[in-house]
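Asks: build me a model:
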Amino acid sequence: MAKSKAGAQLTIRTASLKDIKGIIKLVEKAYPTMETYKTSEVRGQISNFPEGQFVVESEGEIVGYAASFIISEKRALTPHSWMEITGGGYGSQHNPNGDWLYGTDVCVDPTRRRLRIGERLYDARKALCESYELKGIMFGGRMPGWGKRKKKFPDQMEYIAAVRDKKVIDSVVNFQLRQGFEPVQIIPNYLPEDPASGGNAVLMRWYNPYMPETRETVHSETAQKSVVRVATVQLQMRRVESFEDFMGSVEFFVDSVSAYKTDFVVFPELFTLPLLALADHRLSARESIEKLTEYTPIFIEEMRKLAVGYNINIIGGSHPTQTDDGDIQNIAYVFLRDGSVHAQEKIHPTPNERRHWNIKGGDEVSTIDTDCGPIGVLICYDSEFPELARRMADEGARILFVPFCTDNRQGYMRVRYCAQARAIENQCYVVMSGNVGNLPGVENMDINYAESCIITPCDFPFARDGVAALCTENVETVAMANLDLTDLDWARAEGTVRNLRDRRFDLYQTTWAKGVDG
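Replies: This next block holds a predicted model:
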């Protein structure tokens, strides 16, 4: 909906991932003395609850932002810090079965104060609350005027009462009161970076006047489920006669699983290595990888055509690629059915990859937005580092794909056990895909072992052993499963254990190096 005020054209809409840079720039401008959001945090807010994030745009510039998520009344009224309630700023505490909308942040360009941007954002939140039939809205509000009057009002609730009675002016509190919010209680140690408010906040509450007496939860019998069908290809390593021969084998599996209207298919790590059999002489390990990178452009284009032609999202295992600086990285290319291509670098090459193939580790990890929601890709060894999966889960990923390549059972079990751990601790699905069979004539890729599978959390809605589908050991085959995303909503909100929700943000959090996290 477009609105204008004082000659400026304003557009209020839900935020998209394309707005992240503009949002961060706005926060830096509005709060120059406070730490701004990281790219992954804003991505998480948008991915975890897209409908709850609003931006105001003027002449192509983001001039207002409001972030929010749904939460239970009990959780909102329990003492908390901003870091705890927002899941470290990611919005990962979003609970679709909750009954209140919780405000993470409202930010307005200080040079556009007269356009009532804040009021418009509050109105958008109220409309959202009414459309979701929630009880109302709560948030921890700042009290920046208190710092100058703390000697007169050592009790902050007395200060709030003085503002309400118009004995004292506090621009922020006054604004919130004008929007119909009422103060409930002081939240100690809410935002230590806010000395003007004493590091505390006042819990503000607004009741939805149209709230019906009952409302069904997301996981009720009549709620519509969001089901994603995934397939994992356990691929036989075999000699090929040409690049076309290799792509013909890949297309066979894409064609087969697309006939079942599958949303995603994943291939194994380094599944393009059979192309090395085309060399006219045996190559050393490093020569092999360098030779393989020559196929990158045609490989990407042909895989993209398959994704579009068969209307399926393809996680193209991984393929060694030479970067602009001359390094070789192991990269998982994701080919979406809308024709777009995304890349996820392997962050942690194994000692063997570094030693034999001189493969370098990447330095970027993030979710990939798809028509089925955000996903994450962890290439083999990366699944053994929990920080990566946790970041992707915080950014909204509910399905993680793990293409792997292992030569014996103990190597496979390391990846398998870690993948199951990632599914449990992040309450998400994990889809594994590995190679089987032998590939003579290719250095450092002689034998393979795999028992690819589709893994779930371990709780009542899921498979008893946490495995939705399992391939036969060391046989070329395909496994498929329907993954119900609303089961994850239930598990995260009401499950026997709630790993994401029960994290102790008052004790620990993961801090990413500057430049890696925007």
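Asks: kindly list the longest helix within this protein.
Replies: Determined from DSSP state H, the single longest helix within the chain is helix 409-426.
Asks: and the pLDDT at residue 474?
Replies: We have a pLDDT of 96 for residue 474.
Asks: check contacts around the closest residue to it other than its chain neighbours.
Replies: Leaving aside its sequence neighbours, residue 474 sits nearest to residue 436 (Cβ to Cβ, 6 or more residues apart in numbering; 4.8 Å). Every C-beta, even on glycine, is put in place using the N, C-alpha and C of the backbone. By Cβ atoms under 8 Å, 6 or more residues apart in numbering, residue 436 lies in contact with 234, 235, 236, 237, 448, 449, 450, 474, 475, 476.
Asks: give me that answer again for 6 Å
Replies: The contact partners of residue 436, taken as Cβ atoms under 6 Å, 6 or more residues apart in numbering, are 234, 236, 448, 450, 474.
Asks: can you redo those residues as JSON lines with distance to residue 46?
Replies: Putting those into JSON lines (distance: Cβ to Cβ, whole Å) gives the following:
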{"residue": "234", "distance to residue 46": "35"}
{"residue": "236", "distance to residue 46": "40"}
{"residue": "448", "distance to residue 46": "39"}
{"residue": "450", "distance to residue 46": "35"}
{"residue": "474", "distance to residue 46": "42"}
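Asks: in CSV: those residues, plus secondary structure and distance to residue 456.
Replies: CSV is the format used below for the contacts of residue 436 (DSSP: H, G, I helix; E, B strand; the rest coil; distance: Cβ to Cβ, whole Å):
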residue, secondary structure, distance to residue 456
234, strand, 19
236, strand, 27
448, strand, 25
450, coil, 19
474, coil, 23
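Asks: most neighbours among the residues you listed, please name it.
Replies: Highest neighbour count within the contacts of residue 436: residue 450, with 29 neighbours (other Cβ atoms under 10 Å).
Asks: who's in contact with it?
Replies: Counting by Cβ under 6 Å, 6+ apart, residue 450 touches 234, 434, 435, 436.
Asks: isn't residue 400 up against residue 376?
Replies: Yes - in this structure residue 400 lies within contact range of residue 376 using Cβ atoms under 6 Å: 4.6 Å.
Asks: so residue 228 sits against residue 483, correct?
Replies: Yes - between residue 228 and residue 483 there is a contact under Cβ under 6 Å: 4.9 Å.
Asks: quick one: which of these two has more around it?
Replies: Legend: neighbour count by other Cβ under 10 Å for residue 228 and residue 483, higher for residue 483 (24 against 21).
Asks: which SSE is the more buried one in?
Replies: Applying DSSP states H and E as the criterion places residue 483 in strand 477-484.
Asks: mind listing what's buried in the helix or strand following that strand?
Replies: Proceeding N to C from strand 477-484, the next assigned helix or strand is helix 485-494, under DSSP H and E. Under the neighbour-count criterion of 16 or more other Cβ atoms under 10 Å, helix 485-494 has 485, 486, 487, 488, 489, 490, 491, 492, 493 buried.
Asks: skipping its backbone neighbours, what lies nearest the fifth one in space?
Replies: For residue 489, the nearest residue in space outside its immediate sequence neighbours is residue 96; the separation is 4.6 Å by Cβ to Cβ, 6+ apart.
Asks: quick check: the one you found vs residue 72, distance?
Replies: The gap separating residue 96 from residue 72 is 11 Å, by Cβ to Cβ, to the nearest Å.
Asks: what of residue 209?
Replies: Per Cβ to Cβ, residue 209 is found 21 Å from residue 72.
Asks: do residue 130 as well
Replies: 19 Å.
Asks: re earlier: chain center to the strand holding residue 483: distance?
Replies: Per Cα atoms, centre = their mean, to the nearest Å, the displacement of strand 477-484 from the mean C-alpha position of its chain is 22 Å.
Asks: could you give the angle of that strand to helix 485-494?
Replies: Taking axes from the mean of the first three to the mean of the last three Cα atoms, to 10 degrees, one finds strand 477-484 and helix 485-494 inclined to each other by 60 degrees.
Asks: which elements pack onto strand 477-484?
Replies: Using 3 or more Cβ pairs under 6 Å, 6 or more residues apart in numbering; DSSP states H and E as the contact test, the elements touching strand 477-484 are strand 227-236, strand 467-470.
Asks: quick one on the thing from earlier: so how far is the particular helix or strand that has the residue nearest to residue 474 in it off the chain centroid?
Replies: Using DSSP H and E, residue 436 falls within strand 429-438. Relative to its chain's centre, strand 429-438 lies at 23 Å (Cα atoms, centre = their mean).
Asks: quick one: contacts of the helix or strand harbouring residue 45?
Replies: Under the criterion of DSSP H and E, residue 45 resides in helix 39-48. For helix 39-48, the external contacting residues (Cβ under 6 Å, 6+ apart) are 15, 17, 20, 23, 53, 67, 89-92, 94, 374, 394-396, 517-518.
Asks: one more time with 8 Å, if that's ok
Replies: Applying Cβ under 8 Å, 6+ apart, the external contacts of helix 39-48 come out as 15-17, 19-21, 23-24, 52-53, 67, 69, 87-92, 94, 104, 366-367, 369, 373-374, 391, 394-397, 512, 517-518.
Asks: for stretch 152-169, same thing?
Replies: So stretch 152-169 is in contact with 143, 145-146, 149-150, 170, 173-174, 177, 183, 185-186, 198, 200, 202, going by Cβ under 8 Å, 6+ apart.
Asks: may I see the buried residues of that stretch?
Replies: 153, 156, 159, 160, 162, 163, 168.
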